[in-house]
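1. I'll drop the sequence and a predicted model, then ask my questions.
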Amino acid sequence: MIDRRILFPLLLVLLVLTVLTSLALGRYPVGPKEIVRFLAHAVFGMSDPDTGGLEILRTVLVHIRIPRIVGAMLVGTALAVSGAVLQSVFINPLVSPRLLGILAGASFGAALGTVLSLSWVAVQAVSSMFGIVAVLVAVGLAGLYRGDRILLLVLGGIISTELFNSLFFLMKYLADPYNQLPIITYWFMGGFALADAKTTLVLFFPIVAGVFALLLLSPYLNVLTMGEEEARSLGVNTKALRMTFILISTVISSLTVAVCGMLGWVGLVIPHMGRMLVGPDNRVFLPVTAVLGAIFVLVVDDVSRLLFQVETPLGILTALFGVPVFALILRNARKGWGQWS
């Protein structure tokens, strides 16, 4: 493990450098001098004779790239932190928002709202509601049978995911092929092509509030990882606390569907990377995981914009990155939960 005192500041510096790089990259390259010139005019009010160039920069940076960058950081942070919290709550290194069916349920809810031509706010509400329903289905199925809790939870998550994926495809079949189907397909593939300032701004506050609440509750998450009997002996209401963590994690991960669609692997791989760097103490582990998630999704989004002439769906790239990384991480699985570091 790396010294915790220097790791988090280094990650923050890396995040800032990644943001600046993302601002410069794209079909319309923007050099460092142009970024500085635009910031000097927009932030400090300095005059600039090239007003036409400033308007182009404003369009590229303010209306396209900054909302996309902020959206990518929100999604990466929300999925990484929710995945880390769910792994700690269930004491299961294989749990993630996608494995429990959260993203599939949220995508079905968004598709259902689209087919019913609901308002944007109603679509987000339906999306979050079905994300919660998907978790309840997975956990409920796991509780019906006796046996290995980890295995049953994984199987319950697989059943829940397949159920809501099937319902999602039913919505695709019923959708208007010209107006609704492209949006629904976009949700399933994942990407930030449709991320705009309005969507990012509306979802910024609930996602940040949810992540901040999980960070504040991280000491209690450490208690839950000790086990049911140990937590109760310390006077902790484990049932209420566990449901609080599950509810907040489900809501913030469901809200990411509105920004980029269904994005897998982030909530599974990034928490393991964070645990390898700083260990399982959630007070340190969750902030590190949040920054790692933001950096990861930003980098993958940059690759998706530049890899080919057309934008590559983000879900494909996160899987291509996530599968080999997780395969390398699996070698730690023999050490047990407490030693995944």
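-> Arrived safely.

2. which residues touch the spatially closest residue to Val75 that is not a sequence neighbour?
-> The shortest distance from Val75 to any non-neighbouring residue, by Cβ to Cβ, 6 or more residues apart in numbering, is to Thr256 (4.5 Å). For the C-beta atoms, the positions are set from N, CA and C on the backbone; glycine is no exception. Applying Cβ atoms under 8 Å, 6 or more residues apart in numbering, we find Thr256 in contact with Leu74, Val75, Ala78, Leu79, Leu103, Ala106, Ile207, Leu263.

3. now Val259
-> Gly71, Leu74, Val75, Phe192, Ala195, Thr199, Thr200, Leu203.

4. Could you check how far the nearest residue in space to the fourth one that is not next to it in sequence is from Leu255?
-> Take Phe192 and drop its neighbours on the chain: the residue closest to it by Cβ to Cβ, 6+ apart is Arg68, 4.8 Å away. Taking Cβ to Cβ, to the nearest Å as the criterion, Arg68 is separated from Leu255 by 17 Å.

5. rewinding a little: could you point out which element follows the one helix or strand the residue nearest to Phe192 maps to?
-> Here Arg68, judged by DSSP states H and E, is contained in helix 66-89. Next helix or strand after helix 66-89 toward the C-terminus (DSSP H and E): helix 102-115.

6. The residue nearest to Phe192 touches Asp301, doesn't it?
-> Yes - between Arg68 and Asp301 there is a contact under Cβ atoms under 8 Å: 7.1 Å.

7. Could you double-check that Leu214 lies in contact with Leu247?
-> No - applying Cβ under 8 Å, one finds Leu214 not in contact with Leu247, separated by 10.8 Å.

8. for this structure, where's the lowest mean pLDDT among helices and strands?
-> helix 51-57 (a mean of 70; mean pLDDT, DSSP states H and E).

9. Which one of Arg68 and Leu255 is surrounded by more residues?
-> The neighbour count for Arg68 versus Leu255, taken as other Cβ atoms under 10 Å, is higher for Arg68 (26 against 22).

10. wait, what's in contact with the more buried one?
-> Phe192, Ala195, Asp301.

11. and of the residues you listed, the nearest to Ile35?
-> Asp301 (18.1 Å; Cβ to Cβ).

12. is it true that that closest one touches Thr21?
-> No - using Cβ under 8 Å, Asp301 makes no contact with Thr21, being 11.4 Å away.

13. Return the closest of the contacts of Thr256 with respect to Phe38.
-> Closest to Phe38, out of all of those and judged by Cβ to Cβ, is Leu74, at 23.0 Å.

14. does Leu136 sit in a helix or strand, and which one?
-> Using DSSP H and E, Leu136 maps to helix 120-143.

15. Can you tell me the centre-most residue of this protein?
-> Centre of the chain computed as the mean C-alpha position; nearest residue by Cα atoms, centre = their mean is Leu79, 2.5 Å away.

16. Please tell me how far that one sits from Val266.
-> 4 Å.

17. Can you pull the residues that touch both of these two?
-> Listed as contacting both Leu79 and Val266 by Cβ under 8 Å, 6+ apart are Gly293, Val297.

18. which regions of the stretch 151-300 of the chain lie under the pLDDT threshold?
-> Within the stretch 151-300 of the chain, no range satisfies pLDDT under 70.

19. Tell me which stretches of it form strands.
-> Using DSSP state E, counting those that start in this stretch, the stretch 151-300 of the chain contains no strands.

20. related to what we said a few turns ago, turn the contacts of Val259 into a markdown table, columns for neighbour count and distance to Val288.
-> As requested, those are exported to a markdown table (neighbours: other Cβ atoms under 10 Å; distance: Cβ to Cβ, whole Å):
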| residue | neighbour count | distance to Val288 |
| --- | --- | --- |
| Gly71 | 27 | 21 |
| Leu74 | 26 | 17 |
| Val75 | 33 | 18 |
| Phe192 | 23 | 24 |
| Ala195 | 23 | 25 |
| Thr199 | 17 | 27 |
| Thr200 | 23 | 24 |
| Leu203 | 22 | 23 |
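
21. Which pair of these spans the longest distance?
-> Checking the contacts of Val259 with Cβ to Cβ, the most distant pair is Phe192 and Leu203, at 12.5 Å.

22. Can you work out which residues contact both of the two?
-> With Cβ under 8 Å, 6+ apart as the test, Phe192 and Leu203 both reach Gly71, Val259.
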